[in-house]
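[1] Here is a sequence together with a model predicted from it:
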Amino acid sequence: MQPGHASRSAMGSALLRAEHAREDPVRVLDDTLAGQLVPAAERPRLEETIAGWPPLVRQSLRLRHALRARVAEDEAAAGLSVGRSDYVLLGAGLDTFAWRHPQAGLFRVWEVDHPDTQEWKRAALAQAGVAEAANVRFVSADLVTTELQETGLPGLATWNWLGVTMYLPRAATRTTLRAIASRQEGTTLIADFVRADEELDDLGQAVRSSADAAVAADGEPVLADYTVAEVESLLVEAGFRTVTLLDADTLRARYLPTRPDLCLSSSTVLAVAAV
């Protein structure tokens, strides 16, 4: 990650979400705004990398990045009915929930990110002519050196921790999970984990190989992967009372029931865990 900039993995995810809205026949997330925040100077190289992937890999990654955000936002919206009106984005990157979701105004949105990434995002919003939402709290924190308990985040919230665990050592992930699980009953977490090679099918292997090479080239290598059993154990041991793991088949049945032809790989594990 370059000082003063969002990570390139965050930019790549933003482009994939925006491309999903434009290119896929079923739209599970409408996030073209995220693509607008990617700077013109970075866009050609990122788009060249994505264009170089095999078509099925591109489609699978577009859907994966859109679906994980959709699941988190659906969980957040469901929490409103039980008084869970805080939404914490831990490693917010170029997430645009607060500016495009129809229920965003009902939340306090907490965007937690590295100071350099957050400063860059706020400047990108301004450059795009997008005013900062009044209900967004920006929390600058380098969680490598700052304890989560020191950040003043709410006791009851929906936590979005997407696209982060794969770049952290396992010990750091365990520490963060325990900190979230120690919060108020009803706290809900949505997190994703790169799946271990031995559990991947051919498409999953191709997706992982393409994605890993791209982030490694940008100086953000994958540091940790997990089996499905390891993800479940990790969350239970951290203190979460309920854990639901959403694999590709479950996501397809929920969001793409009429399009079995669309490619969605098993390269990650998406978890919804509650205290």
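    Yep, that arrived. Here the structure is a predicted model, which means the values were calculated and not measured.

[2] what sits against residue 19?
    Residue 19 sits next to 35, 50, 62 when contact means CB atoms under 8 Å, 6 or more residues apart in numbering. Yep, even glycine has a C-beta here, placed from its N, CA and C like the rest.

[3] and those, which are buried?
    Among the contacts of residue 19, those scoring as buried are 35, 50, 62 (criterion: 16 or more other CB atoms under 10 Å).

[4] Tabulate those residues (JSON lines), appending distance to residue 88 and secondary structure.
    Output for the buried ones among the contacts of residue 19, formatted as JSON lines (distance: CB to CB, whole Å; DSSP: H, G, I helix; E, B strand; the rest coil):
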{"residue": "35", "distance to residue 88": "24", "secondary structure": "helix"}
{"residue": "50", "distance to residue 88": "29", "secondary structure": "helix"}
{"residue": "62", "distance to residue 88": "26", "secondary structure": "helix"}
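
[5] Return the member of those residues nearest to residue 26.
    residue 62 (11.0 Å; CB to CB).

[6] mind listing the helices for the stretch 1-150 of the chain?
    8-23, 32-36, 43-51, 55-79, 97-100, 115-127 (DSSP state H, counting those that start in this stretch).

[7] would you turn those into a markdown table with mean pLDDT and distance to residue 232?
    Below are those laid out as a markdown table (pLDDT from 0 to 100; distance: least, CB to CB, whole Å):
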| stretch | mean pLDDT | distance to residue 232 |
| --- | --- | --- |
| helix 8-23 | 94 | 25 |
| helix 32-36 | 95 | 30 |
| helix 43-51 | 94 | 32 |
| helix 55-79 | 97 | 17 |
| helix 97-100 | 97 | 27 |
| helix 115-127 | 90 | 30 |
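
[8] Is it possible to get a markdown table of these that adds distance to residue 164?
    Listed next are those as a markdown table, based on distance: least, CB to CB, whole Å:
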| stretch | distance to residue 164 |
| --- | --- |
| helix 8-23 | 9 |
| helix 32-36 | 17 |
| helix 43-51 | 19 |
| helix 55-79 | 11 |
| helix 97-100 | 16 |
| helix 115-127 | 12 |
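
[9] Lovely, talk soon.
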